[in-house]
Structures are given as structure tokens and as C-alpha cells.
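> Let's see this in three dimensions:
(chains A, B, C and D)
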Protein chains: 4
Amino acid sequence: MALCSISVVPVGTGSTSVSRYVARCHEVLARLEGIAFRLTPMSTIIEGDLDAIFDAAARLHRVPFEEGAERVLTTMIIDDRADKPVTMDGKIASVMEKLRRGGE
Amino acid sequence: MALCSISVVPVGTGSTSVSRYVARCHEVLARLEGIAFRLTPMSTIIEGDLDAIFDAAARLHRVPFEEGAERVLTTMIIDDRADKPVTMDGKIASVMEKLRRGGE
Amino acid sequence: MALCSISVVPVGTGSTSVSRYVARCHEVLARLEGIAFRLTPMSTIIEGDLDAIFDAAARLHRVPFEEGAERVLTTMIIDDRADKPVTMDGKIASVMEKLRRGGE
Amino acid sequence: MALCSISVVPVGTGSTSVSRYVARCHEVLARLEGIAFRLTPMSTIIEGDLDAIFDAAARLHRVPFEEGAERVLTTMIIDDRADKPVTMDGKIASVMEKLRRGGE
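Residues are numbered from 1 along each chain as shown, chains lettered A, B, ... in the order given. The predicted structure is shown next:
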């Protein structure tokens, strides 16, 4: 279980708005098996095993092309651990616990 | 008003856990003026004007060094518009509206 | 033909040096078919079709784990165009031509 | 002495070409003091002390707006060490030495 932050941006579309592409990506993600995902203001975070993450990323990268874009920049950051599963809720809980204990 | 996704990671600390550094960064952010910020499972998102964002980023980059780290990787993605303010709630709302309308 | 900038960083190894892992990644890349790659001071750039890029990225992401790391952060940026192939030499040449013409 | 990989991309310009903006950024960098910089096919790498890097980044982020873009995505990765200076040539040399010694 790993996490991936992914942002898929069309370049040269003539519109500064990209929310249409993000919405389409979320519709695609909703149909994929074996992953959880969460929208943030700067990217979408995907949780799953590594193969599922790469499959989802490759799928999302194609979305703006399918919507007519001619150039796409996809930025991914993968966080993966061998010593324990990386989950969205687990990472947030870990920081929150440190904050409660005074940052120690 | 722009957004910045920032992740500050110590390298070579001997521990796979980084939540202590993230918690410390959030304590630093809580004392800064002129910005809003939100923790996500993969980064912290800062909302503010560009100068405030760069000041906050430079401040956060120093946190792991202050905690004893010898090497730090800081990853930032800034989203900035001249045609309207970029806000965390605004970006989420824009995607949600598109999803409600069937991705169109 | 697309480009991918990739950086694979072990977290928590106890050493600030990561060049050993980068060298190992380049040995892996040298054995892959259908891609070209180039080392830069901040990442490795892979040129190839999208499937080959994702295959290479998934392969590189595993390298630090194979070398004993317990946590890995992989950062990828993919630049892909439908209107023409994206190549390393082509992108550099395009900027150089603009610089020769005075930035216009 | 640290390194920063920076990519400044205009969104919504109506053209898939961004080399004009990259060339303009390099003209700006050439006039700044206290930094070295190098073009790669996926980003520009800036070498200098941290203040100079942040100043240069803030300056480059404004370039596409000055050229008429209405939205800009700037992606930065900073690599900084307390135990020794991080330089472009030093990082490449370190990987090359490992490759010569058989990846060990």
C-alpha cells in the first residue's frame, strides 16, 4: 500500500480553467478497482498498491488528450514504505498525534 | 492570492518517519501572518500572496535542519493566476460543480 | 515519444548520500529497451513512448528497496504531446533557437 | 550552496509551445548575480545560496505573466545539505564515480 499525489495539466488549451479535466479524471478514478482517492486543492491523492497506482496514473495522463488537449504535463509523487503500509489516514493521524504532543 | 503545495523531507536521518518534521512545520506556519494552510497526506498547501508563500517556504525549508537533519529536499508547486484569486476552497468547489454537472 | 524527469530518493537510510542509488538506477536503465536517458544534477530524464516510460519508472522505484531502503519517494514529471514528439534534443534546440533570436 | 530544479509553465495560452517563456527566463537568469544555472530538457537547474535561489525563483515565476500569460504553474525542487555544498558538477561526478566502480 502506497500513496501517489498526481496532477494532470493540459498545456496550450486556450483556457486557464483546468477543473473540467480534474472532474473527468475523478470520474475515471471512480471506476477503477483497488484504489482509494481524495481530491485536494493542488492534486489528487491515490492510495493502493504500486501496480494499481501506476495503472491509474497512466489512465489519468490520457484524460486531457481524450478531451482534446495537445500537450499534457503529469506530475506524480509516490510515497512507498517497506516497513509498513502508507495510507492517507495513517499519515494525517501521525502528524496530528505529534502536534497534540507538542511537536515532539 | 496563490496556492503552493509544499513538502519538506529530511534525507539521511536514519528514520523512515517524517511526521515529526511535518508537525514542526505546522507549528511554524501557525505563527505566520497572511497565509492559510491545510495538511494533506502528501504535502501542506499554503494559500496567500506570492511573497508570503515564498517567505513561508523558505522558513519551512529550514525546519528539518533546525531539528538536526543534514540534507533536505523541498518540493514546491505554485499555482497562480492573474485573472482571479486562486484559493483552496475555490478550486475544490470548481471541480465539485463540474462533477455535479456530469463532468461537463 | 514523451519525456519523463524522475528522481528516486530513499528516506531514512542514515546516510545523506544518494549517489549510490542513482548509479544503480542508471545500470538498470542501461539494460532497458526502447528508451534513451540522461543524468542531470537533479533527476534522470527518460525519453521513450509512454508505456516504456511507466515501465522504467516502476522499475527504478524498486531499486532503493532492493538496496535495503525502507521508504522511497519517487517524483516524476511527464511531458507528452499529441501534436509532435517530445525529445530531449528537440526541447533544448527549441529554447536555444529562441535565445539566438533574442528571446522572441 | 544548494541546487534548485525549476520549471515555470504558463497555462491557458492557446499554444503548446513554451520554449519562448523558457528562453525569456534564461535571459533573466543571466542578469542575476550569485547563481549558476543550466538548462535541461525538463527544467532549469539553479545553483547558489538559498536566498539567491528563492529570489531567482520568485523572479522567474513572474516571467510568463509579464509575457501575457494568465495562469502559471511553477514547480521547484530544492536539494540542500548542511554537511557539504551541493553543486551541479559535484552531484554528477559522484554518480559517475559510483558507475565507474560498478555501482558500489
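> May I ask you to name the longest strand in chain A?
Assignment by DSSP state E gives strand A:71-81 as the longest strand of chain A.
> And for the helix or strand following it, what's in contact with it?
Following strand A:71-81 in sequence order, the next helix or strand is helix A:88-100 (DSSP states H and E). With CB atoms under 8 Å, 6 or more residues apart in numbering or on different chains as the test, helix A:88-100 has contacts from A:3, A:36, A:38, A:45, A:47, A:79, A:104, B:17, B:19-20, B:22-23, B:26-27, B:39-42. Backbone N, C-alpha and C define where each C-beta goes, glycine included.
> by contact count, what packs against the longest strand of chain A?
Applying 3 or more CB pairs under 8 Å, 6 or more residues apart in numbering or on different chains; DSSP states H and E, we find strand A:71-81 packed against strand A:2-10, helix A:50-66, helix C:50-66, strand C:71-81.
> Now do the second one: everything it contacts.
When contacts are defined by CB under 8 Å, 6+ apart, helix A:50-66 is touched by residues A:2, A:4, A:6, A:8-10, A:13, A:21, A:24-25, A:28-29, A:32-35, A:37, A:44, A:46, A:48, A:72, A:74, A:76, A:78, A:80, C:50-51, C:54, C:57-58, C:61, C:78, C:80, C:82.
> hmm, which of the residues you listed are the buried ones?
Among the contacts of helix A:50-66, those classed as buried by 16 or more other CB atoms under 10 Å in any protein chain shown are A:2, A:4, A:6, A:8-10, A:13, A:21, A:24-25, A:28-29, A:35, A:37, A:44, A:46, A:48, A:72, A:74, A:76, A:78, A:80, C:50, C:54, C:57-58, C:61, C:78, C:80.
> In three-state terms, label the closest residue in space to residue A:12 that isn't next to it in sequence for me.
Of all residues not flanking residue A:12 in the chain, residue D:16 sits nearest, at 3.6 Å (CB to CB, 6 or more residues apart in numbering or on different chains). Three-state assignment for residue D:16 (DSSP: H, G, I helix; E, B strand; the rest coil): coil.
> hang on, isn't residue D:16 packed against residue A:70?
Yes - with contacts defined as CB atoms under 8 Å, residue D:16 counts as touching residue A:70 at a distance of 4.9 Å.
> Mutual contacts of those two, please.
Going by CB under 8 Å, 6+ apart, residues that sit against residue D:16 and also against residue A:70 are A:11-12, C:81, C:83.
> so which two of these are the farthest from each other?
A:11 and C:83 (10.7 Å; CB to CB).
> Please identify which of these two sits among more neighbours.
Neighbour totals were compared for residue A:11 and residue C:83, and residue A:11 leads with 23 against 11 (other CB atoms under 10 Å in any protein chain shown).
> show me the contacts for that one.
Counted by CB under 8 Å, 6+ apart, residue A:11 has contacts A:69-73, D:9-11, D:13, D:16, D:18.
> Now with 7 Å, please.
Taking CB atoms under 7 Å, 6 or more residues apart in numbering or on different chains as the contact definition, residue A:11 lies against A:71-73, D:9, D:11, D:16, D:18.
> circling back to that earlier point, joint contacts of residue A:11 and residue C:83?
The contact sets of residue A:11 and residue C:83 overlap at residue D:16 (CB under 7 Å, 6+ apart).
> would you turn the helices and strands packed on strand A:71-81 into a markdown table with mean pLDDT?
Output for those, formatted as a markdown table (pLDDT from 0 to 100):
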| stretch | mean pLDDT |
| --- | --- |
| strand A:2-10 | 98 |
| helix A:50-66 | 98 |
| helix C:50-66 | 98 |
| strand C:71-81 | 98 |
